[in-house]
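Student: sequence plus the predicted model coming up.
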Amino acid sequence: MRAFLVLCFGIALFQPVAAADKMKIEIVSSESKLYMIDVTVPGSPQQADLHCQADALGNSLDCKSTEKPATQPRQAQRPQFAFSANAIFPDGSHAVLACVDLVDKDCGGIEPIAPEKTALPTCKKVVEVEICTQKNPGFYQAKRSKNDLVIYGPKGKLKYHIVGSW
């Protein structure tokens with residue numbers, strides 16, 4: 001019996017810890033920021049199209065040419081979203097999470113697990129940035145791989161980076 005217990009303890013002791021096991025985290029607050037960023041819309045070269053009608057023998061008759069003039073590159077604006085959240089991990093550590101939609105695939109805002117039990121987010125405009133803050137969205141399943149975190153929310157997976165502590 002003693003040998004069996006030693007064997008079980010040894011197996012348990014030397015089991016590798018999987019870094020990507022799911023854990024339950026609490027999101028204490030989340031923030032969404034909307035920026036308008038300047039972008040350059042490329043121009044286009046001049047384009048010409050020739051349209052001809054053919055007779056029964058295939059001869060071209062009544063050809064018309066249309067031209068689309070070249071356009072110059074121009075400045076425009078496009079929205080960019082940045083998301084952050086304050087999370088508490090199972091070991092009690094506090095982490096700041098962040099992602100940016102133009103850079104990070106599957107980046108998005110964290111929605112409350114139970115919206116009917118959660119206050120509406122508060123939004124304000126600071127200079128040209130719209131900032132919305134959600135308090136106590138809830139508990140979520142998550143997987144960690146180094147400093148990346150996948151959060152399983154009501155609308156699927158969201159990928160964030162762990163960028164610090166709070």
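Tutor: In hand now; what should we look at?
Student: where does the chain dip in pLDDT?
Tutor: 1-20, 60 (pLDDT under 70).
Student: give me the most central residue, it.
Tutor: Note on the chain: the residue nearest the mean C-alpha position is Cys107, at 1.1 Å, using CA atoms, centre = their mean.
Student: domains of this structure?
Tutor: When the chain is parsed with automatic domain parsing, its domains come out as 14-39+77-164, 41-74.
Student: please report phi then psi for the most far-flung residue of the chain relative to its centre.
Tutor: In the chain, the greatest distance from the average C-alpha position (CA atoms, centre = their mean) is reached by Leu57, at 58.7 Å. Main-chain torsions, Leu57, degrees, to the nearest 10: phi -90, psi 0.
Student: ok, now which ones touch the nearest residue to Leu97 once chain neighbours are set aside?
Tutor: Leaving aside its chain neighbours, Leu97 sits nearest to Tyr160 (4.0 Å; criterion: CB to CB, 6 or more residues apart in numbering). For glycine as for every other residue, the C-beta is placed from the backbone atoms N, C-alpha and C. Listed by CB atoms under 8 Å, 6 or more residues apart in numbering, the contact set of Tyr160 reads Phe83, Ala85, Leu97, Ala98, Cys99, Asp104, Cys107, Asp148, Leu149, Val150, Ile151.
Student: from these, which would you call buried?
Tutor: For the contacts of Tyr160, a burial check counting by 16 or more other CB atoms under 10 Å picks out Phe83, Ala85, Leu97, Ala98, Cys99, Asp104, Cys107, Leu149, Val150, Ile151.
Student: so which elements touch the top strand by length along the chain?
Tutor: Ordering each strand of the chain by length in residues (DSSP state E) puts strand 22-41 first. Packing contacts for strand 22-41, counted by 3 or more CB pairs under 8 Å, 6 or more residues apart in numbering; DSSP states H and E, involve strand 74-88, strand 129-145, strand 148-153.
Student: what is the distance between it and the centre of its chain?
Tutor: On the basis of CA atoms, centre = their mean, to the nearest Å, strand 22-41 sits 7 Å off its chain's mean C-alpha point.
Student: what does stretch 82-97 give?
Tutor: Counting by CA atoms, centre = their mean, stretch 82-97 is centred 17 Å from the centre of its parent chain.
Student: format the helices and strands packed on strand 22-41 as a markdown table; extra columns: distance to Glu116.
Tutor: Conversion of those to a markdown table gives the following (distance: least, CB to CB, whole Å):
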| stretch | distance to Glu116 |
| --- | --- |
| strand 74-88 | 21 |
| strand 129-145 | 12 |
| strand 148-153 | 16 |
